[in-house]
Structures are given as C-alpha cells and as structure tokens.
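Participant: Predicted structure and sequence below. I'll ask about it afterward.
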Amino acid sequence: SQKIEQNSEALNIQEGKTATLTCNYTNYSPAYLQWYRQDPGRGPVFLLLIRENEKEKRKERLKVTFDTTLKQSLFHITASQPADSATYLCALDGRGNSGYSTLTFGKGTMLLVSP
Amino acid sequence: KAGVTQTPRYLIKTRGQQVTLSCSPISGHRSVSWYQQTPGQGLQFLFEYFSETQRNKGNFPGRFSGRQFSNSRSEMNVSTLELGDSALYLCASSTTSGVWNEQFFGPGTRLTVL
C-alpha cells in the first residue's frame, strides 16, 4: 500500500543548529514533492516545491533534497530559531480516483527549537 | 490580496445532523480543495473543484459532498454526522488545478460532533 512516513516524534534542537526532517514514501512515483509548515490552530503554509529531476532546492535558510532512488526527501533548516518551531508536512502527488493527481500529505513532524 | 477565508471557524453539532462549510478562495484562484485533518489520520484529501467541476475525490463516504460556484467559492456538506467526523476541515485554493501548484490554505473550520 502507499505510505508517506514522517517521524512522529518531535524533533528538539537548540537554536542555531541545523534541523533535518525526513519524509520517506513507498509505492509512489511522485513527480513533485512539497513541504509545508503548520502552526497550531492554523492552516498549512507552503514552503518549497521540488521536482523529481531536481536533487536539491534552496530558499533562504531552507534546503530540500529529493532522492527518487531512496524514495526520500530531506528538509533542512539552517541556523534554526525558536520561531521555526512548528509542524512540518511533506506532500507528494498521488493518483486520485478520477485519474487526476492530488496532493497526499504525511502526518508531519513537530520541530521544537529551544533558545 | 485577501487570503483564503473559511466560515464558520467553529461549529458544534450532534450526531445525525448535517453541516455546511464555506470557503472563499483567493481572488483569481479557480481550484479549491478540501481536506480533513485529525490527530490520528493527519491531512486527508476530500475533493477538488476546478471551474465548478469536481476533478478528484478522496476515499470518503458519500455523506461528504461539495460544490463550487461560478465565483469559485466552494461549500462542502456532511450529512448524517458521526462522532468520527469531528475534525479540522481545511480548504485550499490554487491558481489552477495540478499538484505542481502551491496550495494556499485557509484557517480551517473546527467541527465537533457530540
């Protein structure tokens, strides 16, 4: 069956360190993978999109890698800050019932950055 | 530009009732998707509408339905509510249909079924 796995345990790191979050998937062949941030009581906010033919994408302190052989994406936040504390969701394209692709989300990993 | 708005923000219903939730997408966005979010299952896709047509549907029972109007505003309806329908319902809009598009989410409607 299709699965998207993100570490269910919260990741605790110290301010200034690099946070690395993992997204593994099975029985998918995504052409796109997206990362979102969600704060408590709010909707997810788009961060980055990476295509299957891109190995790495950067945006300010964020970096995403996409390894279609390992079926894994890594999400890095460098020089982390307490304001980065949130739940991070990966999402990839899965085939819907009608044949159109739709975004399928992992359950997310909570990141806690302490001062 | 105003963001995605959802009404109401909070709703309490009892089993067997029905509920209608509303979503106004960002101006100019023609695609609206609905998701259900629960602690156990995470974000699960309900359906997507594009130009008033349902493009895709997730694995939810027929009690869950939706529609989109000509101004791209969308509603979803849940009939014969069950306790397990308690969740945060999120809608997201994007400029066009397609998983390569950034999804802009609203704040959600928190539905509690008693």
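Facilitator: Here it is on my side, so go on.
Participant: next one: the host helix or strand of residue B:54 to chain centre, how far?
Facilitator: In the assignment (DSSP states H and E), residue B:54 maps to strand B:53-57. Strand B:53-57 sits 12 Å away from the centroid of its parent chain (C-alpha atoms, centre = their mean, to the nearest Å).
Participant: ok, now stretch B:107-114?
Facilitator: On C-alpha atoms, centre = their mean, the centre of stretch B:107-114 falls 11 Å from that of its chain.
Participant: Give me the residues contacting that stretch.
Facilitator: Residues external to stretch B:107-114 that are found in contact with it (C-beta atoms under 8 Å, 6 or more residues apart in numbering or on different chains): A:41-43, B:4-15, B:19, B:21, B:37, B:78, B:81-90. In this view, the C-beta of every residue, glycine as well, is placed from N, C-alpha and C.
Participant: Just the buried residues from the residues you listed, in ChimeraX please.
Facilitator: For the buried members of the contacts of stretch B:107-114, the matching ChimeraX selection, counting by 16 or more other C-beta atoms under 10 Å in any protein chain shown, is:
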select /A:43 /B:4,6,13,19,21,37,78,81,85,86,87,88,89,90
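Participant: In strands only, show me the contacts of stretch B:107-114.
Facilitator: B:5-7, B:10-13, B:19, B:21, B:37, B:78, B:87-90 (DSSP state E).
Participant: Closest to chain A out of those?
Facilitator: residue B:90 (5.2 Å; C-beta to the nearest C-beta).
Participant: separation between that closest one and residue A:109?
Facilitator: 19 Å (C-beta to C-beta, to the nearest Å).
Participant: still on that earlier bit, the strand holding residue B:54 and chain A, any residue contact?
Facilitator: Yes - judged by C-beta under 8 Å from any C-beta of the partner chain, strand B:53-57 and chain A are in contact via B:55, B:56, B:57.
Participant: shaky segments in chain B?
Facilitator: Per-residue confidence for chain B (pLDDT under 70) gives these ranges: B:99.
Participant: Sounds good, over and out.
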